[in-house]
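1. Sharing a model prediction with you, sequence too.
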Amino acid sequence: MMSSNQQAQAETSHKPSTDATELEEMAKYGILRVSVNYYHFGEFRYTTLKDAIAQAKRAG
């Protein structure tokens, strides 16, 4: 299991930076950036909490 420090590092290391030029282009073309939550269990990453819990139950 990740410590809170490891989790914070993982979250900040995956956040893409967007500079002013990129923001202008995004606005020009109507492009939106959305955040995605990932759930980690063991060595795997899941896009839904339901799947992560199901795997944890199978493993446990």
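-> Good, I have the coordinates.
2. For K57, see how far away E43 is.
-> Separation of E43 from K57 (CB to CB, to the nearest Å): 17 Å. C-beta coordinates here come from the backbone N, C-alpha and C atoms, glycine included.
3. go on, R45?
-> Applying CB to CB to R45 and K57 gives a distance of 17 Å.
4. How about F41?
-> Applying CB to CB to F41 and K57 gives a distance of 10 Å.
5. Which of those two has more residues huddled nearby?
-> F41 (15 against 8; other CB atoms under 10 Å).
6. Kindly state the beta-bridge partners for the more buried one.
-> F44 (DSSP bridges).
7. residue ranges with poor pLDDT in the chain?
-> Applying pLDDT under 70 to the chain flags the ranges 1-16.
8. What segments of it are helices?
-> For the chain, the helices defined by DSSP state H cover 4-13, 20-29, 49-59.
9. Give me the helices and strands touching the second one, please.
-> To tie it back to what came earlier, the one meant is helix 20-29. Contacts defined by 3 or more CB pairs under 8 Å, 6 or more residues apart in numbering; DSSP states H and E place helix 20-29 against no helix or strand at all.
10. Now do the contacts for the closest residue to L49 other than its chain neighbours.
-> In this structure, L49 finds its nearest non-sequential neighbour in Y39, 5.4 Å apart by CB to CB, 6 or more residues apart in numbering. The contact partners of Y39, taken as CB atoms under 8 Å, 6 or more residues apart in numbering, are R45, Y46, T47, T48, L49, D51, A52.
11. Spatially, which two of these are the most separated?
-> R45 and L49 (12.1 Å; CB to CB).
12. before we move on, back to that, distance check, the residue nearest to L49 against R58.
-> According to CB to CB, Y39 and R58 sit 15 Å apart.
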